[in-house]
Structures are given as structure tokens and as C-alpha cells.
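Asker: what shape does this take:
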Amino acid sequence: MRLTAIVRQQLLDQNEGFTRTTHDSQKNFTEDIKYTITGGELHMRRTGKSSWADSRFDENSIADVEQTRRFLRKYLDSLSTAGIE
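Answerer: Residues are numbered from 1 along each chain as shown. Got it, this is the predicted structure:
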């Protein structure tokens, strides 16, 4: 499936409420990203910390076009694609 702008938007609209969480842990860094499709947009909540004492973070953002495309491509098998060509 080719992820054109129209197809990306149809996937986001059709999969309202879809949630996926990823975890990344390295030597001095830990990060969890919770992806949620809401209101036709891909929302990301990043939480984590690094080795510095004041390095905890909790950030909310809306994915840009490239982040959305990569997310949809990666999880396409888990998403509802009925009626989308």
C-alpha cells in the first residue's frame, strides 16, 4: 500500500484510539514512547531519563508527516485497512 497523504489521513481517521508503546533502553538512557491516534493525528508522549540527575523528561507532541509515515508503515499489519486502497 502506498502511503500517500490521502491514504495516511484515511488510516489515521479509521484507526481512532489505536495505541502502541515502545521502549528503548541503553547504557545511560531510557525512553518510552506512547503513540496514540486521536482526532486524525498521531500523538506521541515521550518519557524517560538519562544518566544526569536532572535529566528526566515527559514531553507531548504531534508527529510530523515523516514520523507519521514511518509509524504507519511499521504498524500497518496491526491497523484496520478495510476499504483503503
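Asker: the residue nearest to the spatial centre of the chain pairs with what?
Answerer: The centre of the chain sits closest to Tyr35, judged by CA atoms, centre = their mean, with a distance of 3.7 Å. Here Tyr35 sits in beta bridges with Arg20, Met44, going by DSSP bridges.
Asker: helices along this structure, start to end?
Answerer: Along the chain, counting by DSSP state H, helices occupy 5-14, 65-74.
Asker: quick one, phi psi at the residue lying farthest from the centre of the chain?
Answerer: Centroid-distance maximum for the chain: Ala53 at 27.7 Å, with CA atoms, centre = their mean. Backbone torsions for Ala53, taken as degrees, to the nearest 10, come to phi -60, psi -40.
Asker: for Ser50, give me its contacts.
Answerer: If you count contacts by CB atoms under 8 Å, 6 or more residues apart in numbering, Ser50 has them with Asn28, Phe29, Thr30. For glycine as for every other residue, the C-beta is placed from the backbone atoms N, C-alpha and C.
Asker: apply 6 Å and report the result again.
Answerer: Asn28, Phe29 (CB atoms under 6 Å, 6 or more residues apart in numbering).
Asker: ditto for His43
Answerer: Taking CB under 6 Å, 6+ apart as the criterion, His43 is in contact with Thr36, Ile62.
Asker: pLDDT score assigned to it?
Answerer: pLDDT recorded at His43 is 98.
Asker: from Phe71, how far off is it?
Answerer: According to CB to CB, to the nearest Å, His43 and Phe71 sit 11 Å apart.
Asker: roughly how far apart are Thr21 and Val7?
Answerer: For Thr21, the distance to Val7 (CB to CB) stands at 25 Å.
Asker: could you do Leu76 as well?
Answerer: 10 Å.
Asker: of the two, which one has the most company?
Answerer: Comparing Leu76 with Val7 by other CB atoms under 10 Å, the one with more neighbours is Val7, at 15 against 12.
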